[in-house]
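Asks: coords below, sequence missing:
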């Protein structure tokens, strides 16, 4: 067995222990304390990364790479919040009395070993580690090369805290792409892959594994200005959806405008004033920039067809005062988020009130839209009997089940 | 675009209509009525299949292939029950007031287009079709070649009923393996694959698609007789788990017996009396027959390790009067079903009270264990505002969110 496989085996073993016989809240508090105590070394490591990246990295990526005092405070606040969350593992979701003395319970459990792959942003290491610990999962973490020093020390510090509880290998750092390629083949040991980064990175991962991938490649979101839109709301929502922060997946890439909408010129002008370049080709491109496609449509059907054809099923918003059209849009558009008179930028785990965000999923199974800790959980069935056998409930004199819902 | 792709496109279109603007209960009642009216032609088609299969098919498969009056009555009862279920589509699962006038709703939705592949048993066609219609999904159905005539007429009858509602292509029969191979590549159009059949068939499908596959290949279930097991319960549960019906996935393949358990010989004799051949090698084989592996273990840790090493994470049962050992087993064994003093044969959607069963899943995401209609559903988020934008909630004078849970 090669070393990468052994690493996954150790993660699986740590998951089995972390999920059953460890005080996960105590672990999280120890992780936060250890990071706090190692702040100086963490900053020093981050400065080494920043020095190496200087000049070679674009300004926005460089900023993301920095882990300074305010950012570390946010990281620690995040872990503390996650530590305060009710432990989800073992929660009874449903309870049914199948028959006298035969009790079925559906119980929340972790998923197992998760592989998380992301770019730059070293604050993702403690954030994902904390979410994994809270939910009883083990995690294999691969960060960006630019953050190698910062990630390494964060990994060491977190593992130091885990060691006290005998679950060091519940969080492991992965350093090479080759190792990730090997992990992506281990569908017997790894149960979920979470990539966070460029469309290209996510797509490459989706194409190279049979393990379920939680996330999204493209975020091609639409704002659909209906015939019956309020002009002021149309302006606010179009501008916010595109220009409030264009570099993110929930920013809108396309504006659909009904041909009868009277405020078209005003909306276009407001977008231009906000620095947005308007195109009428390239539908299906994710610009992540101050560029937006505009299309004139002749009705709701055409708008919905366009969204289904060119969209990525992430988030779409209709601006209208007509309730029937709004209802149709909310029901008929097959996207993770369907909004009425609200900016597409609201599609976010924190804004939705989830407390923590694992990512945003455009999948049609397991988890869809912004994903909180629920996306890192599944369930199992516990059945408690007293010598019950199926023969009692089959054949000519079959006893009927009771199936009494208790919860 | 080739014909197979067009078929999937038509299914997607039918899904969009079926899920939003069709009375699904009326469709189900029409499907049941159409099948009832065509009973004679269905029996005739089935007789043609049976005549062709005579001699070339094993007795059990031949029995499964038959669709006679009592079986058709069961099929119709099943559809009627599904028609009576509350329509799950559109159900509000959660509701949160993010801020004044900004309402977030998590709403149940179908998944989309599902490909279902199964062997023999023509009664699966109306059963899966009914479940798909109830949940607003479209389904591409591939049945076994042996049932070709029966499946074809059932497909025609069901599509006739769908046609009245303008959603003919929500149920489509697929006739060749080559078409299925093409569908398994269309991860942009098909969102879930449900294979039901031999381990080999399921494994082949799992290995040849990136679309999520709901189901299980192996069912290697364990009965673990603890040191503190009651002898009578141990006998009942071991015999029922293996011999009540050995050809199914939830029948036990391995008996783990604690070395200190006093009733070992009695359990072995009872199994032998039930016709079970006992082996002490071949752990990890799914016999689906009157054959069982027996292993003597020296404690709970060894038993759990064995289950994790050789099992398929389907269903395992501990027989014990010791509550601590039972609790440990229920918590620590990472399988879809973990039972205490109950036969593994209870792992079944009908016995669990789900009313309908889609299959049994050993996946760690989306759905685990016996899967009812819930496995055919996901959700989307609807956000209803009144011109709300994210800029209000960011920056220096950011307004805080309210995040008030309403449901």
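Replies: Good, I have the coordinates. From a predicted model like this one, the values you see are computed outputs, not experimental measurements.

Asks: If I look at the residue nearest to the spatial centre of chain A, what pLDDT would I see?
Replies: Residue closest to the average C-alpha location in chain A (Cα atoms, centre = their mean): residue A:359, at 1.3 Å. Turning to residue A:359, the model gives it a pLDDT of 90.

Asks: first to last residue in stretch A:204-215, what's the distance?
Replies: Start-to-end span of stretch A:204-215 (Cα to Cα, to the nearest Å) is 12 Å.

Asks: Show me which positions of that stretch end up buried.
Replies: A:204-206, A:209-215 (16 or more other Cβ atoms under 10 Å in any protein chain shown). C-beta coordinates here come from the backbone N, C-alpha and C atoms, glycine included.

Asks: Please name whichever of the residues you listed scores lowest on pLDDT.
Replies: The member of the buried residues of stretch A:204-215 with the lowest pLDDT is residue A:215, at 88.

Asks: Run through the stretch 1-150 of chain A and note the low-pLDDT ranges.
Replies: A:1, A:120 (pLDDT under 70).

Asks: That one: helices as residue ranges?
Replies: Assigned by DSSP state H, counting those that start in this stretch, the stretch 1-150 of chain A shows helices spanning A:3-18, A:24-37, A:39-53, A:59-65, A:69-84, A:124-134, A:148-163.

Asks: hmm, back to that, closest one to residue B:135 out of the buried residues of stretch A:204-215, please.
Replies: Closest approach between these and residue B:135, by Cβ to Cβ: residue A:212, at 20.5 Å.

Asks: Surely residue A:143 and residue A:127 touch.
Replies: No: the pair residue A:143 and residue A:127 fails to qualify as a contact (Cβ atoms under 8 Å) at a distance of 11.5 Å.

Asks: Between the two, tell me which one has more neighbours.
Replies: Higher neighbour count among residue A:143 and residue A:127: residue A:143, with 25 against 21, using other Cβ atoms under 10 Å in any protein chain shown.

Asks: Spit out the contact partners of the residue nearest to that one when sequence neighbours are not counted.
Replies: Spatial nearest neighbour of residue A:143, chain neighbours left out: residue A:151 (4.1 Å); criterion: Cβ to Cβ, 6 or more residues apart in numbering or on different chains. Counting by Cβ atoms under 8 Å, 6 or more residues apart in numbering or on different chains, residue A:151 touches A:122, A:125, A:141, A:143-144, A:173.

Asks: Among those, which pair sits farthest apart?
Replies: A:144 and A:173 (12.0 Å).

Asks: what's the neighbour count on residue A:298?
Replies: Neighbour tally, residue A:298, other Cβ under 10 Å: 11.

Asks: Angles on the backbone of it, please.
Replies: Backbone torsions for residue A:298, taken as degrees, to the nearest 10, come to phi -100, psi 10.

Asks: hey, where'd the strands end up in the stretch 151-300 of chain A?
Replies: Shown for the stretch 151-300 of chain A, the strands assigned by DSSP state E, counting those that start in this stretch span residues A:171-173, A:192-196, A:221-225, A:252-258, A:277-279, A:291-297.

Asks: Tell me which of those strands sits most buried.
Replies: By mean neighbour count, with neighbours taken as mean count of other Cβ atoms under 10 Å in any protein chain shown, strand A:221-225 ranks first of these at a mean of 28.

Asks: what residues does the stretch 51-200 of chain A put near chain B?
Replies: When proximity is defined as Cβ under 8 Å from any Cβ of the partner chain, the stretch 51-200 of chain A approaches chain B at A:90, A:96, A:98, A:102, A:104, A:109, A:111-112, A:191-192.

Asks: Could you identify the most distant pair in those residues?
Replies: So, these by Cβ to Cβ: farthest apart are A:102 and A:192, at 32.5 Å.

Asks: dump the residue contacts of the closest residue to residue A:319 other than its chain neighbours.
Replies: Nearest residue to residue A:319 in three dimensions, chain neighbours excluded: residue A:229, at 4.2 Å (Cβ to Cβ, 6+ apart). By Cβ under 8 Å, 6+ apart, the contact set of residue A:229 is A:258, A:261, A:263, A:319-321.

Asks: so which helix or strand takes in residue A:341?
Replies: If you go by DSSP states H and E, residue A:341 is part of strand A:337-342.
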